[in-house]
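> let's see this in three dimensions:
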Amino acid sequence: MGDTRAKKSGLSADIQKKLNAKYSEEQERQCRQWIEAVTGDTLIDQEIGMNHFNKCLKDGTVLCKLINTLNGEALVKKINTSSMAFKQMENISSFLDACKVFGLKDGDCFQTPDLYENQNMSQVLATIFAVSSFATSNGFSGPTIGVKIADENVREFDEATLAAGKAVLSGQTGWNKGANQAGMNIGNTRHIVD
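Model (predicted):
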């Protein structure tokens, strides 16, 4: 965690331990290699570990450069190089906004304090993996990590095939053509008197 926060205790400390336990150094290695391959830059801290990876990404410049490279044109127009905290958090916020334009959902993205204050680095890794997954569907042809987003596979069936599908017994398909339990009484009904 960052130096600016008080030490957590009680339930907050337990939650932080669980978040820290979810962190995978193997995923970090994959992210490091992928970021370096895509951006062409070497990360400033080559030692493996949550705090070291946080040090590499904390100012947001690497992430902004990454998303701009993947998109082909700048989604983040201005990358701040200042060492001031609010400028670094602005970079992180700009990266997160660019991720949403890139195709990620809110649930795929980490929150700014997760990275800047080293609160939830496992979510930062998950976001980087999600960015990589969306890269190929956005036209990036370079290296990727994680899963590939499925392509749309629209199917067109003729009338004979559709009719044959309707002939399948409903018990096999798990559908009972709209039947429900409405109106069924099992045992005595409850009589409420006003």
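
> mind listing what's buried in stretch 132-150?
Residues of stretch 132-150 classed as buried by neighbour count (16 or more other CB atoms under 10 Å): Ser132, Ser133, Phe134, Ala135, Phe140, Thr144, Ile145, Gly146. Heads up, the C-betas are built off the backbone N, CA and C, glycines and all.

> inside helices: which ones of the residues you listed?
Of those, the ones assigned to helices by DSSP state H are Ser132, Ser133, Phe134, Ala135.

> ranges for the helices of the chain?
Using DSSP H, the helices found in the chain span residues 10-21, 25-39, 50-57, 61-71, 85-102, 112-116, 121-137, 159-166, 170-173.

> ok, which of those helices comes nearest Lys78?
For the helices of the chain, the distance to Lys78 is smallest for helix 85-102, at 7.8 Å, taking CB to CB.

> please name every helix or strand in contact with the closest one.
Contact partners of helix 85-102 among helices and strands, from 3 or more CB pairs under 8 Å, 6 or more residues apart in numbering; DSSP states H and E: helix 61-71, helix 112-116, helix 121-137.

> contacts for the second one, please.
Pointing back at helix 112-116 there. The contact list for helix 112-116 (CB atoms under 8 Å, 6 or more residues apart in numbering) reads 2, 54, 57-58, 60, 85, 88-89, 92-93, 96, 119-121, 123-124.

> one more: stretch 142-159?
Residues outside stretch 142-159 that contact it (CB under 8 Å, 6+ apart) are 30-31, 34, 37-38, 128-130, 132-137, 165.

> among those, which two are most distant?
Checking the contacts of stretch 142-159 against each other with CB to CB, the farthest-apart pair comes out as Ala37 and Gly165, at 46.5 Å.

> show me the shaky parts of the chain.
Residue ranges of the chain with pLDDT under 70: 1-5, 168-190, 194.

> spatially central residue in it, please.
Centroid-nearest residue in the chain, with CA atoms, centre = their mean: Asp108, separated by 2.5 Å.
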